[in-house]
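Q: Can you look at this prediction? I've put the sequence above it.
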Amino acid sequence: MAEATVLVVGGGGREHALTMGLVASPSVGEVHVAPGNAGTSLVATNHPFSAGDVESLVGLAQSLGCDLVVVGPEGPLVDGLADKLTAAGIPCFGPHTEGAKLEGSKLYAKQTMQNLGIPTAGIHNINSPSQIDSALDDFAPPWVVKRDVLAGGKGVVVTSDRQEASQALSDGLQADGFVLLEEFLSGEEASMLIMLDESGWVALPASQDHKRVGEGDTGPNTGGMGAYAPAPVVTDEVREKVYSRIVEPMHEWLRSQDSLYRGCLYVGLMIDELGDPYVVEYNVRFGDPETQVTIPLISSDLYELLFSVASGTVGSHSPEFTDASALTVVLAAEGYPDSPRKGLPISIEVALIANGDGGAFIHHAGTKHESGGELVSSGGRVLACTGIGPNLDEARNLAYSLMDGIILEGSHYRSDIGFRAL
Ligand code: AMP
Ligand code: GLY
């Protein structure tokens, strides 16, 4: 088979992880990334197009003669990148606009789940200030307030303070004309990344993100401060429930739709004390930082897997996984998540620990090289140290020993990634 040319869209840690996996594939000749980051520029070719510039990305994929485009973030999918690539005859990993509505609209996702009988929290859709009090009365605290906008995991307020919940509802109502109050789900969260198309689906090892900025899950929600896989909270029994109650009905429904869903369905789960899973959210893409800990656990060819999804044949594909564990720790800029400080120099003492089949390496996210070659921060989540080891404990030690050698003024990271499993 001729060596493939692949374009990865996006510029975060997720895209660096995908790029590294694709570069390692014997089927791949060239990997291009738009816009990429300093890390992707070390192993692939970056192109200065933003992930939101759908027209330019289609033009780039055509001019490069791409065999496959892998879309990282949800924005371009919601904006129709997959539809346009498909129309241009270029296989795309990532769903069209219709499928992307599962992430683009929380209300649509909720209605879909309710129609299919998929376990999830109840909601009130509030479209008048007069409904706020009775809705708050209806659910016990803590209250979960969600605006129906793409907010990268940061548009949700969870609070036991009725005044704060009421304010968040009023603010959302004023901004968007309606706002959602969701029933609180208790338990432990986990993420399942399902690669699917009309022919079938494949689940990657379950992972667990750490959404709060502070140690012990405190402070505001972020895009994710660290993750590990496999997540032991997803036992074989839980996994079977997730498959039968959530993945199968969703897959049956998606394959019955006019436009075909080909990409990753990220299932954000809450697993209660009885081991019953509920959907917190769907995303229509890989998670970040979940990708950084799941892609390295795939031991078979990543390109073949992604291409099989993009061409509708994943049902006859059987990827292989290693028995290793992976853990990643995100280094965030000063002020993240509210107002991250950018443009500061980053010093990396050790970039790689090679250790048999495992080791540790850096996934870049908000980084770039200045014209003089200096590495500087350019985003809220700057980079992540990822360790791969025979067990979670060793993966953790490897990740933190890399982190110890990184200097970025004012930056912060959580020192308790993996605490629920260790
Ligand atoms: P979302 O953007 O819907 O993924 O929400 C972001 C985060 O808020 C989730 O990862 C949870 O930690 C929390 N969250 C959202 N909905 C709920 C809920 N119904 N019950 C408990 N926590 C929730
Ligand atoms: N880590 C959460 C997300 O990717 O949405």
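A: Structure's in. What do you need? The shown structure was predicted, so the numbers you read here are calculated from the model rather than taken from an experiment. Ligands and ions are numbered 1, 2, ... in the order given.

Q: host element of the nearest residue to Asp276 once chain neighbours are set aside?
A: In this structure, Asp276 finds its nearest non-sequential neighbour in Lys241, 6.5 Å apart by Cβ to Cβ, 6 or more residues apart in numbering. Quick note: C-beta positions are derived from backbone N, CA and C, even for glycine. Secondary structure from DSSP states H and E places Lys241 in helix 236-242.

Q: do Glu30 as well
A: Going by DSSP H and E, Glu30 is part of strand 28-35.

Q: what about the residue sitting nearest the centre point of the chain, which SS state?
A: Nearest to the mean C-alpha position of the chain, counting by Cα atoms, centre = their mean, stands Gly287 at 1.2 Å. Counting by DSSP: H, G, I helix; E, B strand; the rest coil, the backbone at Gly287 sits in coil.

Q: On the pLDDT front, check it for me.
A: Looking at Gly287, its pLDDT is 98.

Q: what secondary structure does whatever residue of the stretch 1-150 of the chain ends up closest to ligand 2 sit in?
A: Closest approach of the stretch 1-150 of the chain to ligand 2 (Cβ to the nearest ligand atom) occurs at Arg14, with a separation of 7.5 Å. What three-state DSSP gives for Arg14 is helix.

Q: residues from the chain in reach of ligand 1?
A: The chain comes close to ligand 1 at residues 121, 144, 146, 153, 156, 158, 182-185, 189, 211, 221, 268, 280-281, as judged by Cβ under 6 Å from any ligand atom.

Q: Return the members of the residues you listed classed as buried.
A: Among the residues of the chain next to ligand 1, those classed as buried by 16 or more other Cβ atoms under 10 Å are 121, 144, 146, 153, 156, 158, 182, 185, 189, 211, 221, 268, 280-281.

Q: all helices for this structure, in order.
A: Counting by DSSP state H, the chain has helices at residues 13-23, 38-43, 54-64, 74-78, 81-87, 97-104, 106-116, 132-138, 162-176, 236-242, 248-255, 290-294, 302-310, 392-403.

Q: got the ones you listed as a markdown table, with distance to Pro340, mean neighbour count and mean pLDDT columns?
A: Listed next are the helices of the chain as a markdown table, based on distance: least, Cβ to Cβ, whole Å; neighbours: other Cβ atoms under 10 Å; pLDDT from 0 to 100:
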| stretch | distance to Pro340 | mean neighbour count | mean pLDDT |
| --- | --- | --- | --- |
| helix 13-23 | 15 | 27 | 98 |
| helix 38-43 | 16 | 22 | 97 |
| helix 54-64 | 25 | 17 | 98 |
| helix 74-78 | 19 | 24 | 96 |
| helix 81-87 | 26 | 22 | 98 |
| helix 97-104 | 23 | 21 | 95 |
| helix 106-116 | 25 | 17 | 96 |
| helix 132-138 | 32 | 14 | 97 |
| helix 162-176 | 22 | 16 | 95 |
| helix 236-242 | 34 | 15 | 98 |
| helix 248-255 | 34 | 17 | 98 |
| helix 290-294 | 19 | 31 | 98 |
| helix 302-310 | 30 | 23 | 98 |
| helix 392-403 | 18 | 21 | 97 |
